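> Structure of the sequence below:
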Amino acid sequence: MTAALAIQDYALLEDADCTARIVAAKEKLGDRVVILGHHYQRDEVFRHADFTGDSLKLAREAARSGAEYIVFCGVHFMAEVADILSRPEQVSILPDLAAGCSMADMADLARVEKCWQELGQVLEVETEVTPITYINSAADLKAFCGRHGGIVCTSSNAAWILEWAFTQRRKVLFFPDQHLGRNTGYRMGIPLEEMVVWRPGKPLGGLTEEQIRKARIILWEGFCSVHQMFRPEHIDRFKEKYPDARVISHPECCFEVCQKSDVIGSTEAILKTVRASEPGTRWLVGTELNMVNRLRQEMKPRGVDVHFMSPTVCMCSTMFRTDPQHLAWVLENLVEGNVVNRIQVPEEDARYAKQALDRMLALG
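Below you'll find the predicted structure:
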């Protein structure tokens, strides 16, 4: 083992140089390393991934692999999930520690615990409320759900998870993304008036005791900064130009956008749906730009037109922090026997977080 290579020595490297060094390092490391690339990752990094997909799929692929090192080209909570689900001898690495998630940051353990305590002034929370955290959240919030009989959900299984939760207790506290909770609940037949928004920092989340008692879903006031930019008027203008076009949106989009969409689905569902469409089909897609651009290029030769919903550039800025320079730095350090930017969830948090994840996985 030598002294760790410094990231500063990589900052000014050209992407082409990094690409050559990444390929060479991967060849030297062989099966000891697996690189995971989230759908929203930039192309310069995405092309080096051994597995691509959404965060849960990637974490599970890594855990099933024989790799010693898991390099997650995504954001912080994704690398945490990989660490929780992987074997003890596997090491989870995030190329750039600054790659976080603004949505995940909108709910932290201190504020969620305070919310739980305040709800306890109105309800018997441990018997009346099931906490559900979206997978886009910190490990300690997953652990909070594990401790309190709660569960984790993804954008693809949120309806199943809500159905399960209502068999356990009559109310749900859903965080951090209000839009996924609202869109899913509404499609399950829950009226909007039975879903209220908890605003952290305000007494009782800005709600009355009566509102809390009547609510079936208490939504945390959080959102994805990327999907928040899509607006219903974007759909209206597109439909004026292309009346026969179909609209597909991620459930992190606001309620009004999802109501105007023909299909609502996770990243994997969006890809599957568009890829299955007939030649001549035109799609307006409401999710992150890198993924939409790749899908557009893939479908163009097949006669399917794919359009990005927002008229302005709308990519995940924190996901964009993972660049070829950081990936080359991480891999060349591994070649030298150095682990940099390891993500390791504290043992107790990992145990309870895994309980919440296992509850989800047991539902299929």
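> Any stretches of the stretch 51-200 of the chain with poor pLDDT?
For the stretch 51-200 of the chain, no stretch is flagged by pLDDT under 70.
> how about the strands of it, start to end?
Using DSSP state E, counting those that start in this stretch, the strands of the stretch 51-200 of the chain run over residues 51-53, 69-73, 91-93, 129-134, 151-153, 171-175, 195-198.
> Would you convert the ones you listed into a markdown table that also reports mean neighbour count and distance to residue 107?
Every residue, glycine included, has its C-beta placed from N, CA and C. What follows is the strands of the stretch 51-200 of the chain, written out as a markdown table (neighbours: other Cβ atoms under 10 Å; distance: least, Cβ to Cβ, whole Å):
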| stretch | mean neighbour count | distance to residue 107 |
| --- | --- | --- |
| strand 51-53 | 18 | 24 |
| strand 69-73 | 28 | 21 |
| strand 91-93 | 22 | 22 |
| strand 129-134 | 26 | 8 |
| strand 151-153 | 28 | 13 |
| strand 171-175 | 27 | 5 |
| strand 195-198 | 21 | 10 |
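> want to try a markdown table for these, with distance to residue 209 as columns?
Shown next, in a markdown table, are the strands of the stretch 51-200 of the chain (distance: least, Cβ to Cβ, whole Å):
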| stretch | distance to residue 209 |
| --- | --- |
| strand 51-53 | 43 |
| strand 69-73 | 43 |
| strand 91-93 | 43 |
| strand 129-134 | 14 |
| strand 151-153 | 26 |
| strand 171-175 | 14 |
| strand 195-198 | 12 |
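> And residue 86, how close does it get to residue 242?
45 Å (Cβ to Cβ, to the nearest Å).
> between these two, which one's more packed in?
It is residue 86, of residue 86 and residue 242, that has more neighbours when counted by other Cβ atoms under 10 Å, with 19 against 14.
> Please give me every residue in contact with the residue nearest the centre of the chain.
Nearest residue to the geometric centre of the chain (Cα atoms, centre = their mean): residue 136, 4.3 Å. Residue 136 makes contacts with 55, 77, 101, 103-104, 176-177, 224, as judged by Cβ atoms under 8 Å, 6 or more residues apart in numbering.
> Out of those, which two sit at the greatest distance?
55 and 176 (14.4 Å; Cβ to Cβ).
> of these two, who's got more company?
residue 176 (29 against 26).
> pretty sure that one contacts residue 135?
No: using Cβ atoms under 8 Å, residue 176 makes no contact with residue 135, being 10.5 Å away.
> Can you give the domain ranges for this structure?
If you go by automatic domain parsing, the domain ranges for the chain are 7-100+318-345, 104-225, 227-308.
> can you redo the ones you listed as TSV with distance to residue 358?
What follows is the domains of the chain, written out as TSV (distance: least, Cβ to Cβ, whole Å):
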stretch	distance to residue 358
domain 7-100+318-345	9
domain 104-225	9
domain 227-308	20
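> Of all those, which one is nearest residue 355?
domain 104-225 (3.7 Å).
> how long is the closest one from one end to the other?
End-to-end distance of domain 104-225 (Cα to Cα, to the nearest Å): 11 Å.
> Begin at 54, not 1, for the rest of this chat.
Sure, I'll start numbering at 54, so the last one becomes domain 157-278.
> Pull the distance from it to the chain's centre.
On the basis of Cα atoms, centre = their mean, to the nearest Å, domain 157-278 sits 17 Å off its chain's mean C-alpha point.
> related to what we said a few turns ago, could you measure from the residue nearest to the centre of the chain over to residue 280?
Distance from residue 189 to residue 280, by Cβ to Cβ: 11 Å.
> who wins for proximity to residue 406 among the domains of the chain?
Of all the domains of the chain, domain 157-278 comes closest under Cβ to Cβ, at 3.6 Å.
> Just the terminal-to-terminal distance for stretch 174-183.
16 Å.
> tell me which residues in it are buried?
Going by neighbour count (16 or more other Cβ atoms under 10 Å), the buried part of stretch 174-183 is 175-176, 178, 182-183.
> which one among those gets closest to residue 135?
The nearest one, if we look at those relative to residue 135 and count by Cβ to Cβ, is residue 183, at 25.6 Å.
> thought the closest one was touching residue 226?
Yes: between residue 183 and residue 226 there is a contact under Cβ under 8 Å: 7.3 Å.
> which parts of stretch 371-390 are buried?
Neighbour count says stretch 371-390 has 371-388 buried, by 16+ other Cβ under 10 Å.
> cool, and stretch 74-87?
Per 16+ other Cβ under 10 Å, stretch 74-87 contains these buried residues: 74-75, 78-79, 82, 86-87.
> cool, stretch 90-97 as well?
90-95, 97.
> Sort out for me which of those residues are in strands.
90-91 (DSSP state E).
> Next, format the buried residues of stretch 90-97 as CSV and append pLDDT.
As requested, the buried residues of stretch 90-97 are arranged in CSV below (pLDDT from 0 to 100):
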residue, pLDDT
90, 95
91, 92
92, 89
93, 89
94, 90
95, 89
97, 94
